[in-house]
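1. Starting from these lines, generate the structure:
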Amino acid sequence: MVSVWLSKLKFPLTIAILQVLFIILYAVFIDYDATASPPKTMTNSTQEESGAAMVHKYYAMFQDVHVMMFIGFGFLMMFLRRYGFSSVGLNMLIAALCIQWSTLIGGIIHHHGDTFTVSITTMLTSDFASASILITFGALLGKTSPLQMVLVTMFGIVLFAVNEYIGLVVLRAVDVGGSMFVHAFGAYFGLTISRVLYNAEVEQSKKENSVYHSDMFAVVGTIFLWLFWPSFNSALAVEDAQHRAVLNTYYALAACCLVTFAISSLVDKDGKFDMVHIQNATLAGGVAVGTSADMMIRPYGALIIGSVAAVLSTLGYKYVTPFLKSKLKIHDTCGVNNLHGMPAIMAGLAGAITVAMADTDNYGFTLYRQFPAMAPEESTQELAELNKVHQIEAGQGRSAKEQAVFQLIALVVTLGFALVGGLFVGLLLKFCKLLGQPSGDNFFDDSLSWHVPPESNSEASLEGHGANSSASKADTSRSALFSGHVDKGDMTLEESAFLGDDKV
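-> All right, here's what the predicted structure looks like:
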């Protein structure tokens with residue numbers, strides 16, 4: 001009886017303790033930024049204006065990014081027919097936890113006083129941190145308990161923040177769209193945990209599949225992400241660089257979409273489209289252009305990056321994911337390696353190449369705002385000459401090629417943090433039995449953690465069965481194919497059509 005109560009209470013107690021700690025820590029360490037505080041004097045209108053300007057400048061893009069976190073990622077992961085509640089529900093839980101925890105950790109790392117302040121830009125950076133852990137969640141979807149994901153989130157945010165600090169502050173790399181620090185970290189952190197937790201029973205699960213309506217929900221998430229990705233890549237850029245980031249992401253996504261449809265049809269034996277590819281690979285262009293989004297890559301460069309990302313991602317779903325699963329025992333539920341991992345590495349390489357070619361002919365004096373470490377060092381004649389006309393902060397006097405090397409170092413460090421951190425957290429999850437690791441028939445099933453409405457006959461008839469057809473889901477990470485025969489009499493028209501009944 002006691003063990004039952006402990007099992008029942010461990011999740012609510014953990015969340016309650018964390019929330020109380022957050023309240024205490026926020027009360028001690030966090031206050032509003034000056035732009036969010038009342039003016040100190042009756043005549044201080046500048047502060048009021050700057051506060052309004054902050055909201056006007058950032059809130060629209062913040063809201064786009066916020067929608068991506070809660071609707072985009074949440075719905076994208078709803079493809080599993082028996083795991084929709086957890087996909088969107090735990091996505092919401094993780095994001096809400098990330099927001100509070102990353103605000104604290106980011107403040108501790110980036111601020112050096114006794115207290116620190118928050119503003120609308122803090123909201124943006126907290127959402128970016130959330131994105132990294134939601135990507136991790138995609139690799140682990142259906143294979144971890146809610147309590148395990150809480151632990152992954154707490155450790156993951158710390159690792160993310162430290163790695164980002166090293167990349168942005170120590171190495172002074174640039175990554176406006178977070179492709180290296182958000183996408184690469186989140187993907188390979190999650191994949192490493194997935195490898196450590198690998199259980200052969202996952203491969204026998206009859207629930208790792210989709211139905212027509214669950215795929216429709218997932219593609220809604222795709223559309224939200226696709227529409228708002230320019231805001232994600234440009235939210236923290238400034239002036240002309242922000243405009244470029246919007247344009248480059250916009251065109252990279254458009255090219256990626258077209259090429260994904262082409263490659264999806266090309267690799268299918270019947271020349272048909274695979275919804276798995278359309279849901280995911282169409283977004284890879286936004287990841288691949290992220291690091292260089294605000295750079296002078298030109299519109300045709302954005303189209304090239306988006307097109308190559310589409311090929312890389314679609315072929316990844318077709319060939320790489322099955323290889324990782326069968327040969328390396330890395331089970332990637334959502335295929336985050338293809339949507340986030342490989343395109344993020346591509347983004348890091350594209351960014352380094354673009355940086356290596358940066359000069360004042362292309363950027364003018366904004367070169368030193370775009371790449372702060374390339375600005376002349378303190379007390380040099382060159383800096384003094386620049387500051388006669390422009391306000392430029394002192395840098396480290398790096399050449400373009402030196403900056404490119406630091407970009408590559410930042411990518412390697414990020415991958416190191418993801419792999420080593422994932423190994424540590426994975427082992428912690430594996431050996432801490434109190435966290436409740438799912439197994440057997442509980443994989444990819446909401447009923448382990450949720451009250452689930454009774455199934456209809458048509459849904460029940462899908463249990464353990466599968467598509468005989470044209471959907472190429474056997475070739476993807478998400479489709480543990482059904483086997484056997486389906487009683488079409490118990491199925492809806494949509495489900496019969498999905499399973500290839502030509503008479504429907």
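2. going forward, measure contacts between C-alpha atoms and count neighbours the same way
-> OK.
3. What sits closest to Cys257 if chain neighbours are left out?
-> Thr282 (4.5 Å; CA to CA, 6 or more residues apart in numbering).
4. From Leu227, how far out is that neighbour?
-> Distance, Thr282 to Leu227, using CA to CA, to the nearest Å: 11 Å.
5. The two: who's more crowded?
-> The residue with more neighbours, out of Thr282 and Leu227, is Thr282; 32 against 15, by other CA atoms under 10 Å.
6. isn't the more buried one right up against Cys256?
-> Yes: if you go by CA atoms under 8 Å, Thr282 and Cys256 touch, sitting 5.5 Å apart.
7. all helices for the stretch 251-400 of the chain, in order.
-> Using DSSP state H, counting those that start in this stretch, the helices of the stretch 251-400 of the chain run over 275-280, 284-288, 298-315, 321-327, 336, 342-356, 360-363, 367-370, 381-386, 400-431.
8. Show me what the fifth one is packed against.
-> It refers to helix 336. When contacts are defined as 3 or more CA pairs under 8 Å, 6 or more residues apart in numbering; DSSP states H and E, helix 336 sits against helix 120-140.
9. give me that answer again for 10 Å
-> Secondary-structure packing of helix 336 (3 or more CA pairs under 10 Å, 6 or more residues apart in numbering; DSSP states H and E): helix 120-140, helix 185-196.
10. what does the longest one give?
-> Counting contacts by 3+ CA pairs under 10 Å, 6+ apart, the secondary-structure elements packed against helix 400-431 are helix 146-165, helix 185-196, helix 342-356.
11. Now Glu11. Nearest residue, chain neighbours left out?
-> I think there's a mix-up here, since residue 11 is Phe and not Glu. Leu147 (6.0 Å).
12. how near is that neighbour to Leu90?
-> 10 Å.
13. now stretch 275-290, how far from the centre of its chain.
-> On the basis of CA atoms, centre = their mean, to the nearest Å, stretch 275-290 sits 12 Å off its chain's mean C-alpha point.
14. Any idea how far apart the tips of that stretch sit?
-> End-to-end distance for stretch 275-290: 24 Å, by CA to CA.
15. Let me know the average pLDDT across that stretch.
-> Throughout stretch 275-290, pLDDT has a mean value of 97.
16. Can you list the buried residues in that stretch?
-> Judged by neighbour count (16 or more other CA atoms under 10 Å), stretch 275-290 contains these buried residues: 275-290.
17. same deal with stretch 92-104?
-> 92, 94-104.
18. try stretch 200-212
-> 202-203, 205-212.
19. where does the stretch 201-350 of the chain dip in pLDDT?
-> Scanning the stretch 201-350 of the chain for pLDDT under 70 picks out no residues.
20. same check, this time on the chain
-> Checking the chain against pLDDT under 70 turns up 1-5, 41-49, 455-504.
21. Could you chop it up by domain?
-> Using automatic domain parsing, the domain parsing of the chain gives 55-361+396-442, 446-498.
22. Tell me which of those is the most buried.
-> Of the domains of the chain, the one with the most neighbours on average (mean count of other CA atoms under 10 Å) is domain 55-361+396-442, at a mean of 22.
23. Find residues that contact each of Thr282 and Leu227.
-> Counting by CA atoms under 10 Å, 6 or more residues apart in numbering, the contacts common to Thr282 and Leu227 are Leu253.
24. check contacts around Thr380.
-> 394, 397.
25. ok, now how distant is the residue nearest to Phe11 from Lys8?
-> 12 Å.
26. Correct me if wrong: Leu303 contacts Ala254.
-> Yes: between Leu303 and Ala254 there is a contact under CA atoms under 10 Å: 7.7 Å.
27. what residues are shared contacts of those two?
-> Shared contacts of Leu303 and Ala254, counting by CA under 10 Å, 6+ apart, come down to Gly285.
28. ok, back up a step: as JSON lines, the helices and strands packed on helix 400-431 with distance to Lys388 would be great.
-> Shown next, in JSON lines, are those (distance: least, CA to CA, whole Å):
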{"stretch": "helix 146-165", "distance to Lys388": "32"}
{"stretch": "helix 185-196", "distance to Lys388": "41"}
{"stretch": "helix 342-356", "distance to Lys388": "26"}
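29. Please name whichever of the ones you listed is nearest to Arg81.
-> Among these, the nearest to Arg81 by CA to CA is helix 146-165 (18.5 Å).
30. quick one, the closest one and helix 400-431 angle?
-> Following axes from the mean of the first three to the mean of the last three CA atoms, to 10 degrees, one obtains 160 degrees for the angle between helix 146-165 and helix 400-431.
31. between helix 146-165 and helix 120-140, how many degrees?
-> Angle of helix 146-165 versus helix 120-140, following the same axes, to 10 degrees, is 130 degrees.
32. Return helix 146-165 as CSV; C-alpha atoms alone will do.
-> Provided in CSV are the C-alpha atoms of helix 146-165 (Å, rounded to 0.1, in the frame of the first residue of the first chain):
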residue,chain,number,x,y,z
PRO,A,146,6.9,12.1,-17.5
LEU,A,147,9.2,12.1,-14.4
GLN,A,148,12.1,11.0,-16.6
MET,A,149,11.4,13.9,-18.9
VAL,A,150,11.4,16.3,-16.0
LEU,A,151,14.9,15.1,-15.1
VAL,A,152,16.1,15.3,-18.7
THR,A,153,14.8,18.9,-18.8
MET,A,154,16.5,20.0,-15.6
PHE,A,155,19.9,18.6,-16.7
GLY,A,156,19.4,19.5,-20.3
ILE,A,157,18.8,23.2,-19.7
VAL,A,158,22.0,23.5,-17.6
LEU,A,159,24.0,21.8,-20.3
PHE,A,160,22.4,23.9,-23.0
ALA,A,161,23.1,27.2,-21.1
VAL,A,162,26.7,26.3,-20.4
ASN,A,163,27.4,25.3,-23.9
GLU,A,164,25.7,28.4,-25.3
TYR,A,165,27.7,30.6,-23.0
